[in-house]
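Student: Provide a 3D model corresponding to the input given below.
(4 chains)
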Number of protein chains: 2
Amino acid sequence: MDHSTTRLAVSTVIFALRPEDGGTPSLWTPFVLRTRQPHLDQWALPGGWLPDGEDLDAAAARTLAETTGLHPSFLEQLYTFGRVDRSPTERVVSVAYTALVRSDEVERAAPGENVRWFRADALPRLAFDHNAIVDYAVQRLRTKVEYAHIAHTFLGQTFTLSQLRSVHEAILGHALDAANFRRSVATSPDLIETGEVLTGTPHRPPKLFRYRTAESSRS
Amino acid sequence: MDHSTTRLAVSTVIFALRPEDGGTPSLWTPFVLRTRQPHLDQWALPGGWLPDGEDLDAAAARTLAETTGLHPSFLEQLYTFGRVDRSPTERVVSVAYTALVRSDEVERAAPGENVRWFRADALPRLAFDHNAIVDYAVQRLRTKVEYAHIAHTFLGQTFTLSQLRSVHEAILGHALDAANFRRSVATSPDLIETGEVLTGTPHRPPKLFRYRTAESSRS
DNA sequence: ACAAAAGTGTTGCCGATACACCCATGC
DNA sequence: GCATGGGTGTATCGGCAACACTTTTGT
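Tutor: Here you go, the predicted model:
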């Protein structure tokens, strides 16, 4: 049997929220400096080749940990990019993933020499078709945050509704009415009041919430 | 450079509407009888290996035409299935596609010796993980038909609103209010009245509509 | 007391549903 | 003219955006 020369890769668009200098947080994503041709010295999505014995999800999780040191709280397949001409030197089909990581995760992780974060809405020219991949990921994240409960994966186990709203605002790129936002998320039975409040704020202490997980809903 | 043994395939879930014996139409999908191991003599999705020089979309269109003789009016990537154990003999990553074909297309196409159609909601045990793939495709089709204008791709260039409604009903699996359905699709500026009516019906002749395409909207 | 964020109440609008009703054609 | 599907009108309901208002804390 003759072999195909097409190679299979996995790439991940990682999103984190980083507070603008003293202001409201915004979406950032990390890239890795390429140390080889093609596209030497350009920024590229974290990723790598798919090993024969590894599931796609596992490969995405592993390669993103290896290159950035991060452990995502959310990881899902985005789309598979396979145009013949997307790499100038060989045929590469890339299964792209979207990952969300908590801000404290980003602080804790080793920065990595060749890793750099950019604002998702102000990217440099990336290697291959990675600009298109990131744009598509941003678009999907925007639509998905409005109907799926994923925003809290940017936060800790417990969070205030202001924090959750601020996540939505950063993703959508515009402000939301605090009162209506509260009601819209409160419709979900999976949003649970912990009974505790966050102290140390200069004003009225907000209640802390958490999302019901598979584990927390056992029996 | 040592080669990976992982192989890349493309598979397509093809949907068409077929009138139940004298009744309302329902969703059907064609499968191909496997003539080799593994899963010899089981039904499998139309598809094939991805050639080195062919785009994913093109490979999906070509393989589905080769096996079933069909030419879809709609084709889009669904999801990539890559679990290590999804094939018992070798590692295969499959990029799955969804295709919609018009009923008259199905009539016209050569049936194919090893091709058989099944109701999408009453499938036999298929080869590999193809049952899961079809189920996922049905689920996605149901949600997508409610917000995207894709139902008309099951019909001809022009169609009555009853026909379009009947497509929605077949996909969703339940009846819709004719009056409200009419209004809900009429909100789209892309739905255009042709000015003609369909004659030969036993009752009041319905108006014929078409959807504005990229070509029909040129200046 | 005051500022500011947390949280509640109220109103108006808009889209979707339910369903009554009229229209046009073949028979 | 009558049966039948095509097509229109309309009342009601529920969700959501806007925004006024009350509550609770730190300073």
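Student: okay, and for chain A, where does confidence drop off?
Tutor: By pLDDT under 70, the weakly predicted segments of chain A are A:1-2, A:21-22, A:218-219.
Student: how is it partitioned into domains?
Tutor: A:7-145, A:157-211 (automatic domain parsing).
Student: out of the ones you listed, which is the most enclosed?
Tutor: The highest mean neighbour count among these, using mean count of other Cβ atoms under 10 Å in any protein chain shown, belongs to domain A:7-145: a mean of 18. (Each C-beta comes from the backbone N, C-alpha and C, glycine too.)
Student: once you drop chain neighbours, what's closest to residue A:11?
Tutor: Residue nearest to residue A:11 in three dimensions, not counting chain neighbours: residue A:47, with 3.5 Å by Cβ to Cβ, 6 or more residues apart in numbering or on different chains.
Student: how about the strands of chain A, start to end?
Tutor: Taking DSSP state E as the test, the strands found in chain A are A:7-19, A:25-33, A:43-44, A:47-49, A:74-81, A:92-100, A:115-119, A:191-197, A:207-211.
Student: got the residues of chain A near DNA strand C?
Tutor: Proximity of chain A to DNA strand C, by Cβ under 7 Å from any atom of the strand, involves residues A:160-162, A:178-180, A:182, A:197, A:201-207.
Student: before we move on, the earlier item: against chain B, how distant is the residue nearest to residue A:11?
Tutor: Distance, residue A:47 to chain B, by Cβ to the nearest Cβ, to the nearest Å: 14 Å.
Student: pretty sure that residue sits against residue A:13.
Tutor: No: using Cβ atoms under 8 Å, residue A:47 makes no contact with residue A:13, being 9.7 Å away.
Student: any idea how far residue A:64 is from residue A:80?
Tutor: According to Cβ to Cβ, to the nearest Å, residue A:80 and residue A:64 sit 17 Å apart.
Student: which residues touch the nearest residue to residue A:185 once chain neighbours are set aside?
Tutor: Computed as Cβ to Cβ, 6+ apart, the closest residue to residue A:185 that is not its neighbour in sequence is residue A:191, at 5.8 Å. Residue A:191 makes contacts with A:149, A:185, A:209, A:211, A:212, as judged by Cβ atoms under 8 Å, 6 or more residues apart in numbering or on different chains.
Student: which residues does residue A:191 bridge with?
Tutor: With DSSP bridges as the criterion, residue A:191 is bridged to residue A:211.
Student: so which bits of chain A are right by DNA strand D?
Tutor: So chain A meets DNA strand D at A:177, A:179, A:180, A:183, A:184, A:187, A:199, A:201, A:202, A:203, A:204, A:205 (Cβ under 7 Å from any atom of the strand).
Student: run the last query once more with 10 Å
Tutor: Neighbours of DNA strand D within chain A, by Cβ under 10 Å from any atom of the strand: A:146-147, A:175-184, A:186-187, A:197, A:199-205.
Student: among the residues you listed, which are in helices?
Tutor: A:178, A:179, A:180, A:181, A:182, A:183, A:184, A:186 (DSSP state H).
Student: from chain B, how far off is the last one?
Tutor: The reference is to residue A:186. Taking Cβ to the nearest Cβ, one finds residue A:186 at 24 Å from chain B.
Student: what's the distance between that residue and residue A:164?
Tutor: The gap separating residue A:186 from residue A:164 is 11 Å, by Cβ to Cβ.
Student: what of residue A:43?
Tutor: Distance, residue A:43 to residue A:164, by Cβ to Cβ: 31 Å.
Student: and if you look at residue A:27?
Tutor: Counting by Cβ to Cβ, the gap from residue A:27 to residue A:164 is 15 Å.
Student: ok, now residue A:176?
Tutor: Distance, residue A:176 to residue A:164, by Cβ to Cβ: 10 Å.
Student: now swap in residue A:141 and tell me
Tutor: The span separating residue A:141 from residue A:164 equals 15 Å under the rule Cβ to Cβ.
Student: contact residues of chain A facing chain B?
Tutor: For chain A, the contact set with chain B under Cβ under 8 Å from any Cβ of the partner chain comprises A:3-8, A:49-56, A:77, A:79-80, A:82-84, A:91, A:93, A:95.
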